[in-house]
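Engineer: build the 3D model from these lines:
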Amino acid sequence: MQLLPTTGLRELEERYSFTPSDLALLGRETLTILDRYRADKAFLGSSGFTLEKGHSTPNPEDAQIKEAIMRVSDETYVLVDSSKYGHNCLTSFARLRDVDLTITDSHLSSSKAKSLEAAGATLRIVDVRGGDLNSDAKNATAIKEVLRTRSQKKALTLDRNRKR
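Structural biologist: Predicted coordinates:
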């Protein structure tokens with residue numbers, strides 16, 4: 001399946017820092033474009049996360065884009081595999097407390113989860129040990145409930161701020 005016409009790839013590569021293998025736009029032009037938009041929710045990935053540095057990526061340009069996306073988003077969610085815990089990549093893009101919810105899998109030990117929460121992370125651990133479809137549905141429902149509750153709290157806060 002071809003996602004982009006190949007005739008437009010050359011223009012993207014010349015005008016932006018474009019990586020066809022990732023279908024990613026990076027660089028100053030992309031940052032300018034992102035500043036014109038806003039989002040309710042941003043879902044980002046992370047190549048590593050630590051207590052000290054938070055979420056990180058090996059690519060500095062990618063970190064800049066993620067930071068820009070976080071600035072224009074009301075809420076930020078980072079999905080990260082538990083095996084990335086302890087990996088500190090070249091460039092940090094978010095402190096743990098700056099992310100509304102970090103979603104990871106149940107292979108993260110409870111002691112690591114407690115350390116992350118003590119450092120300011122809000123975690124949602126998705127059970128991957130069961131492997132049955134019912135546990136996936138329960139996890140999806142639980143995540144939707146967390147998102148709904150957080151959205152309601154944020155809306156209430158925004159409403160209170162407007163009345164002042």
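
Engineer: check contacts around Ala42.
Structural biologist: Applying CB atoms under 8 Å, 6 or more residues apart in numbering, one finds that Ala42 lies in contact with Ile69, Met70, Val72, Ser73, Glu75, Thr76, Tyr77. Every C-beta, even on glycine, is put in place using the N, C-alpha and C of the backbone.

Engineer: nearest spatial neighbour of Thr122, chain-adjacent residues omitted?
Structural biologist: Leu101 (5.3 Å; CB to CB, 6 or more residues apart in numbering).

Engineer: quick check: that neighbour touching Ile125?
Structural biologist: No - counting by CB atoms under 8 Å, Leu101 stays clear of Ile125, with 11.1 Å between them.

Engineer: ok, now which ones touch Leu90?
Structural biologist: Applying CB under 8 Å, 6+ apart, we find Leu90 in contact with Ser56, Thr57, Pro58, Asn59, Pro60.

Engineer: which residue packs closest to the fourth one, ignoring adjacent ones?
Structural biologist: The spatial neighbour of Asn59 that comes closest, neighbours along the chain excluded (CB to CB, 6+ apart), is Thr91 at 7.0 Å.

Engineer: state the distance from the one you found to Glu117.
Structural biologist: Look at Thr91 and Glu117: by CB to CB, to the nearest Å, they are 24 Å apart.

Engineer: these two: which is more packed in?
Structural biologist: The neighbour count for Thr91 versus Glu117, taken as other CB atoms under 10 Å, is higher for Thr91 (19 against 13).

Engineer: that one bridge partners, please.
Structural biologist: Thr57 (DSSP bridges).

Engineer: now for Gln81, how many residues are close by?
Structural biologist: Slight slip there: residue 81 is Asp, not Gln. Asp81, neighbours per other CB under 10 Å, totals 16.

Engineer: so how far is Thr104 from it?
Structural biologist: 7 Å.

Engineer: next: Pro58.
Structural biologist: Taken as CB to CB, the span from Pro58 to Thr104 is 19 Å.

Engineer: who's more crowded, these two?
Structural biologist: For Pro58 versus Thr104, the count of surrounding residues by other CB under 10 Å is larger for Thr104: 25 against 12.
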